[in-house]
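Enquirer: the following block contains a protein sequence and its predicted model.
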Amino acid sequence: MNEKAFWTKEVAETLQIGASTLRKWCLALENEGYEFVKGAKKSRAFLEKDIVLLRRMKALIHGAGITVETAIKIALSDDKDNEIEGIVLEDSERTEGRTLGVLPENTLQIQQQMGLEFIENQKKILDRLERLEQLEQLERKIENACSGSRRSSVPEMISCCK
């Protein structure tokens, strides 16, 4: 029996996301080994199972606020009996595109992942702040060297900045 396939525009409209967002998610899924049916011109044809997976990803990304990469890992981790790491599809959700629910016993895992992502982002911000402070100190040293009674030479400015 042939299963009905849908094209990018149809799936994007169904999921209420942009076509470019859908393509980005699909590329990320393919990078993790997921395979889509391809049309004659290598365009993706989406089956119902693909749409279900993308709905789960959307719920994780928009509902739980986690990254695309993490959502993919969670969504691909276990697809038995329509349950994926605490995300359970009700019968009506399989075909209707409703928001998915997160089971209470699995919210801890999602919170831990979000916490790790938050800490990683905080470290990046602190590194950038530290670099900015170093640049500001360098700028002040150069201004001080230039504001003396006589013009400092470039080597003098460089030596005072060390």
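Expert: Alright, I've got the coordinates. The shown structure was predicted, so the numbers you read here are calculated from the model rather than taken from an experiment. Numbering: from 1, shown residues only.
Enquirer: which helices and strands does the longest helix belonging to the chain pack with?
Expert: Looking across the chain with DSSP state H, the single longest helix is helix 107-146. Counting by 3 or more CB pairs under 8 Å, 6 or more residues apart in numbering; DSSP states H and E, the packing neighbours recorded for helix 107-146 are helix 68-77, helix 154-160. For the C-beta atoms, the positions are set from N, CA and C on the backbone; glycine is no exception.
Enquirer: can you flag the weakest of those by average pLDDT?
Expert: When mean pLDDT is averaged over each of these, helix 154-160 scores lowest at a mean of 60.
Enquirer: alpha carbons of stretch 12-19, as PDB, please.
Expert: Provided in PDB are the C-alpha atoms of stretch 12-19 (Å, rounded to 0.1, in the frame of the first residue of the first chain):
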ATOM      1  CA  ALA A  12       5.600  23.700   6.900                       C
ATOM      2  CA  GLU A  13       2.100  25.000   6.800                       C
ATOM      3  CA  THR A  14       0.800  22.100   8.800                       C
ATOM      4  CA  LEU A  15       3.500  22.600  11.500                       C
ATOM      5  CA  GLN A  16       3.000  26.400  11.300                       C
ATOM      6  CA  ILE A  17       6.800  27.000  10.800                       C
ATOM      7  CA  GLY A  18       8.700  28.500   8.000                       C
ATOM      8  CA  ALA A  19       9.800  26.400   5.100                       C
END
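Enquirer: what comes up buried for it?
Expert: Neighbour-count burial for stretch 12-19, with 16 or more other CB atoms under 10 Å as criterion, is recorded at Ala12, Thr14, Leu15, Ile17.
Enquirer: for the last one, helix, strand, or coil?
Expert: Yep, that's Ile17 we're talking about. Going by DSSP: H, G, I helix; E, B strand; the rest coil, the secondary structure assigned to Ile17 is coil.
Enquirer: who touches it in this structure?
Expert: Lys58 (CB atoms under 8 Å, 6 or more residues apart in numbering).
Enquirer: quick one: it from Trp7, how far?
Expert: For Ile17, the distance to Trp7 (CB to CB, to the nearest Å) stands at 14 Å.
Enquirer: cool, and the third one?
Expert: For Leu15, the distance to Trp7 under the criterion CB to CB works out to 13 Å.
Enquirer: the second one too?
Expert: Distance of Thr14 to Trp7, computed by CB to CB: 11 Å.
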